[in-house]
Structure formats: C-alpha cells, structure tokens
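Trainee: have a look at this prediction, sequence included:
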Amino acid sequence: MKGIVHSFQSLGAVDGPGLRCVVFMQGCSLRCAYCHNPDTWNTSGREYRVEEIFDKVMRFRPYFGKTGGVTVSGGEPLMQWEFVAELFRRLKEAGVRTALDTAGIGDIGGARAVLLSTDLVLCDLKFSGEQDYLRYSGGDMNKVTEFLKLTETMRIPLWIRHVVVPKLTDGRDQILKIAFMARQYSNLQKLELLPFRKICISKYEQMDIPFPLRDYDACPEEKIQILYKLIEESR
C-alpha cells in the first residue's frame, strides 16, 4: 500500500507527548484562513510504501522513551485513511505509541479504521460556530463533532486544539464556548490554545496565492496565558 507524504520531522516535541517522529501527509480539503502549510493542500508528491515509512520511523524508536512515539499529521491524514490505518496497525504491533493529528474531516468509516490503532487524537476545533467554520475553513462543523463523538465512543484519549487569532478567534465568548464544547467529551485530556503565527507568509508568496490573514496581528504568548486563566476561572 502506498501513500503520498509531504515531509517528516524526526524528533518533534509539539505534536503529542514526549519526543515524536511526525509524518506529514499530503492533501487537505479545507482552506483554513490561518493555514501555515498551504503546500500540503494538493495531492501530488512522493509516494511511499507503508513498509518504507515504518522502517524510517523505527530508526528513531530509541528516542521515544516512555511517552513519545509517532504522530501522523498533514495536510489531513484522514484523506489517506487506508494508508494511515495500515501504518498505525504495523506500529501498534511493534509496540509504538501512535497519535493522529487531524481536523476531523473525512470519511467517518475510514476514521474508525484509523482509530482502531490510535493511542491519542489531536483534533483542531477551529471555530465555535457553523458559519465561521464554513466561512474561514470551508469545512462542515457537524462532521467535526461527529468525529469527536466517535473518539469518545471508542475511548481514544483526546486533545482538542484551537488556534487563537487576535480579533478573529480570541473573543471571550468564543474562547469560553470552545472550552465548553471541549469539556462535553469524556475522553478529553487537554485543551490546547495555539498562538497564531505569520511565518507561513513566505510559503504563500512562493505559491503566488494570497494569505487571507496577512493584515491580522500574530498572537502574543501573554494573550494565551490570559485566555487559559479565563478558561480555568470559568469552571
């Protein structure tokens, strides 16, 4: 079985617990206004066999320790769910912890197949309402909530992530709604607020496409800490 891979990160520290080998899959149906990897949108790229990826990531196994492992990200990995499901199956057989970094968009049956061999899900909850989901990402929020419910049903530990964009997704009511939505899932382990950055602008320029949020400010770390405090006080 073959899959189209965009790139690899040998020892990532922000895509799940511990040190992880991250596999970035090619292809995504969303067009998020703050996407920092527009070069993963299309479905063209180098093909790899599952065995090639397995052998590649296993070279880093000594660094995984007690909490690390392999994260498959994107793009949107569920666009190539058959490949990811087989890779995760092989990794689980070898005793390697697996994490799926996803927007929760894709075939729900395919998602179920992937989750059978998934130890942790990191899912983006991009906006707090259906209209903003459609306007700023082109996605269907109902599909995301369907996926999140599936992770709960299958009892897969869940981290929900939310990108904080000043004057777009950082409003008090929006943040509290995101926190409320996240807490509805009994398998939730963590809610992560990720600061919006603009280092991706050069990619948009190279691809000769406009960056929708060029005129928005990056999010300072101080803002993230204020919002975490807001969430904690709302409990």
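Mentor: Received, thanks.
Trainee: got the phi and psi for the closest residue to Ile209 other than its chain neighbours?
Mentor: Nearest residue to Ile209 in three dimensions, chain neighbours excluded: Pro38, at 6.6 Å (Cβ to Cβ, 6 or more residues apart in numbering). No exception for glycine: its C-beta is placed from N, CA and C like everyone else's. When read as degrees, to the nearest 10, the backbone of Pro38 gives phi -60, psi -20.
Trainee: my guess is Pro38 meets Ser202, correct?
Mentor: No. Between Pro38 and Ser202 there is no contact under Cβ atoms under 8 Å: 10.9 Å.
Trainee: now do the residue nearest to Ile209, the pLDDT please.
Mentor: If you check Pro38, the pLDDT there is 95.
Trainee: check the one 10 residues further on too.
Mentor: At Tyr48 the predicted local confidence, pLDDT, stands at 97.
Trainee: these two touch, right, it and Ser7?
Mentor: No. Shown here, Tyr48 and Ser7 do not form a contact pair, counting by Cβ under 8 Å, at 11.3 Å.
Trainee: can you list the strands that the host helix or strand of Val163 pairs with?
Mentor: Element membership of Val163 [criterion: DSSP states H and E] is strand 158-164. Sheet pairing for strand 158-164, assigned by DSSP bridges, gives strand 120-124 (parallel), strand 188-195 (parallel).
Trainee: ok, Pro38 and Ser202, which is more surrounded?
Mentor: Pro38 (17 against 10; other Cβ atoms under 10 Å).
Trainee: who's in contact with the more buried one?
Mentor: Listed by Cβ atoms under 8 Å, 6 or more residues apart in numbering, the contact set of Pro38 reads Cys200, Lys203, Tyr204, Met207, Ile209.
Trainee: now the nearest residue to Cys32 once chain neighbours are set aside: how far from Glu76?
Mentor: Nearest non-adjacent residue to Cys32, counting by Cβ to Cβ, 6+ apart: Ser137, 4.4 Å away. Distance of Ser137 to Glu76, computed by Cβ to Cβ, to the nearest Å: 11 Å.
Trainee: just Asp208 next, same as before
Mentor: Remark: distance between Asp208 and Glu76 (Cβ to Cβ) = 23 Å.
Trainee: who has more neighbours, those two?
Mentor: Glu76 (24 against 6).
Trainee: hang on, isn't the more buried one packed against Asp107?
Mentor: No. Taking Cβ under 8 Å as the definition, Glu76 is not a contact partner of Asp107, at 11.2 Å.
Trainee: who wins for proximity to Glu146 among the strands paired with strand 158-164?
Mentor: strand 120-124 (11.6 Å; Cβ to Cβ).
Trainee: following the chain past the closest one, name the next helix or strand.
Mentor: helix 130-137.
Trainee: sorry, back to before: Tyr48 and Ser7: who's more crowded?
Mentor: For the pair Tyr48 and Ser7, the greater number of neighbours falls to Tyr48 (20 against 16), based on other Cβ under 10 Å.
Trainee: list the contacts of that one.
Mentor: Shown in contact with Tyr48 (Cβ under 8 Å, 6+ apart): Lys2, Gly3, Ile4, Val5.
Trainee: try it again with 7 Å
Mentor: By Cβ atoms under 7 Å, 6 or more residues apart in numbering, the residues touching Tyr48 are Lys2, Gly3, Val5.
Trainee: mind listing the strands for the protein?
Mentor: For the chain, applying DSSP state E gives strands covering 2-12, 20-25, 46-49, 69-73, 98-102, 120-124, 158-164, 188-195.
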